[in-house]
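*Asks:* The sequence and its predicted three-dimensional model are supplied below.
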Amino acid sequence: MKVINLYKGNKPVFSLEVFPPRNGESLGAVLNTIDSLWSFQPAFVSVTGGALGSMRGGTIAIAAGIKRKYGIEGIPHFTCVNKSKQDIENLLMEMKFNEIENIFALRGDPPMGQKEFIPHPEGHRYASELVEQIKLLNEGVYILSSIEKDYEASPTNFGIAVAGYPNGHPECPDKKKDLEHLKIKVDNGADYIVTQLFFDIDVFLEFVENAKKIGIDIPIVPGVMPMNKYGQIKFVSKQMGIEIPEKLKDKLEAHKDDKDAIKKILEEHTLLMCKKLVEQGSPGIQFFTMDKPEGTEKVLQELCKEKKRY
Ligand code: FAD
């Protein structure tokens with residue numbers, strides 16, 4: 001099933017994002033996360049390729065395994081890092097024959113130890129080009145079928161998600177320009193957008209408003225990462241260039257040595273954001289679980305209590 005169809009109903013769609021284990025570890029934490037949150041009926045599970053340039057394998061297999069085991073879509077995050085167009089096409093065939101129907105198309109972070117993104121000489125510089133390649137496959141245009149004309153290639157039917165950045169992407173200080181780049185991904189064929197996490201709901205709402213103004217009319221799904229540690233929010237904020245609103249920053253600074261107080265502040269903040277997102281008619285929420293279900297569970301328990309929506 002194409003995930004975009006799930007956003008056509010009038011209930012907010014709640015989805016999970018999981019991380020592949022480090023190479024050599026078991027799938028235990030991934031499965032435990034899904035099992036623990038199963039009673040909330042997650043609509044689908046997105047499987048990262050390991051963010052911030054970390055090297056983890058298994059994304060496609062995990063996404064396919066989730067679909068087989070749980071009967072919901074597993075969406076592999078697929079980046080252009082170190083891949084030629086032919087490598088990409090071959091991996092898309094792996095996905096097709098594993099019955100994967102949706103792809104999260106990304107440029108990707110530079111690999112660990114590398115400061116900036118260097119495109120493969122025969123690959124893509126931007127995610128928009130990857131979207132375009134997938135779209136061409138959806139039209140039956142393959143690299144090989146363009147050269148060898150003696151066979152008829154049948155089209156794929158992949159749904160495509162792309163990333164959006166309410167605080168702007170760290171490499172593009174001009175937020176307006178970054179939004180224009182997002183529009184290219186949409187024009188090239190993306191079905192829906194999942195955003196980078198944010199701490200200020202007004203920043204997200206303004207982003208959605210500005211996106212609409214330039215003609216982005218596909219679902220924009222907020223990404224939410226439930227956190228509970230001071231070090232964690234400071235790290236994420238610095239690493240990803242995500243502003244912490246002054247009021248929250250002041251509260252955190254005042255209690256930074258009190259673990260329990262920090263946990264409470266962060267949990268309350270996340271819950272409040274999620275409640276507002278639902279109230280504002282957000283198409284859904286994608287929870288970045290980091291393979292730790294507890295934070296997401298707390299939010300969903302509260303949302304279900306109040307809204308009886310999921
Ligand atoms: P792009 O859309 O290509 O944008 C990259 C930069 O180029 C931006 O600054 C943009 O403004 C600029 N740009 C785009 N088009 C143009 C153009 N035509 N001209 C000039 N500049 C342009 N990373 C991983 O490695 N693995 C993951 O699993 C993963 N999952 C993610 C999930 C979510 C929900 C999000 C929000 C991000 C995820 N990332 C992941 C991080 C992502 O790969 C990085 O943020 C990466 O640096 C950019 O990827 P992108 O697809 O947004 O790139």
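*Replies:* Perfect, thanks for sending it.
*Asks:* make it CA atoms for all contacts and neighbour counts henceforth
*Replies:* Fine.
*Asks:* Quick check: residues of the protein near the ligand?
*Replies:* Listed as neighbours of the ligand in the chain under the rule C-alpha under 6 Å from any ligand atom: 48-53, 77, 106-109, 126-128, 163-164, 169, 171-172, 178, 181, 194-196.
*Asks:* in stretch 223-236, what's buried?
*Replies:* Within stretch 223-236, the residues that count as buried by 16 or more other C-alpha atoms under 10 Å are Gly223, Val224, Met225, Pro226, Met227, Asn228, Lys229, Tyr230, Ile233.
*Asks:* Before we go further, the fifth one is sitting in a strand, right?
*Replies:* No - secondary structure assignment (DSSP: H, G, I helix; E, B strand; the rest coil) places Met227 in coil, not in a strand.
*Asks:* how near is it to Val186?
*Replies:* Distance, Met227 to Val186, by C-alpha to C-alpha, to the nearest Å: 30 Å.
*Asks:* which ones are touching Val278?
*Replies:* Counting by C-alpha atoms under 8 Å, 6 or more residues apart in numbering, Val278 touches Pro12, Gly284.
*Asks:* Please identify which helix or strand holds the residue nearest the centre of the chain.
*Replies:* Centrality entry for the chain: nearest residue to the mean C-alpha point is Val194, 5.1 Å, by C-alpha atoms, centre = their mean. Using DSSP states H and E, Val194 sits within strand 192-195.
*Asks:* which residues sit against that strand?
*Replies:* Contact with strand 192-195 is made by 4, 160-166, 218-223, 286, as judged by C-alpha under 8 Å, 6+ apart.
*Asks:* Tell me the one of those nearest Ala43?
*Replies:* Of all the contacts of strand 192-195, the one with the least separation from Ala43 (C-alpha to C-alpha) is Gln286, at 9.8 Å.
*Asks:* avg pLDDT for the helix or strand harbouring the closest one?
*Replies:* Gln286 is part of strand 284-288, with elements assigned from DSSP H and E. The predicted model gives strand 284-288 an average pLDDT of 98.
*Asks:* So which elements touch it?
*Replies:* Other helices and strands packing on strand 284-288, by 3 or more C-alpha pairs under 8 Å, 6 or more residues apart in numbering; DSSP states H and E, are strand 13-18, strand 220-221, strand 223-224.
*Asks:* now with 6 Å?
*Replies:* Packing partners of strand 284-288 (3 or more C-alpha pairs under 6 Å, 6 or more residues apart in numbering; DSSP states H and E): strand 13-18, strand 223-224.
*Asks:* Of all these, which one is nearest Leu137?
*Replies:* So among those, strand 13-18 is nearest, using C-alpha to C-alpha, at 25.8 Å.
*Asks:* from the chain's centre, how far out does the next helix-or-strand element following the closest one sit?
*Replies:* Toward the C-terminal end, the helix or strand that comes next after strand 13-18 (DSSP H and E) is helix 28-37. Centre-to-centre, helix 28-37 and its host chain are 18 Å apart (C-alpha atoms, centre = their mean, to the nearest Å).
*Asks:* what's the helix or strand that helix 28-37 is followed by in contact with?
*Replies:* Using DSSP H and E, the helix or strand that follows helix 28-37 in sequence is strand 44-47. With contacts defined as C-alpha atoms under 6 Å, 6 or more residues apart in numbering, strand 44-47 is touched by Ser15, Leu16, Glu17, Val18, Phe19, Ile72, Glu73, Gly74, Ile75, Pro76, His77.
*Asks:* make it 7 Å
*Replies:* Strand 44-47 is contacted from outside by 15-20, 59, 63, 72-77, using C-alpha atoms under 7 Å, 6 or more residues apart in numbering.
*Asks:* Then stretch 129-146?
*Replies:* The contact list for stretch 129-146 (C-alpha under 7 Å, 6+ apart) reads Ala105, His124, Ala153, Ser154, Pro155, Thr156, Asn157, Phe158, Lys185, Asn188, Gly189, Ala190.
*Asks:* By pLDDT, give me the weakest of the residues you listed.
*Replies:* Among the contacts of stretch 129-146, Ala153 has the weakest pLDDT, 91.
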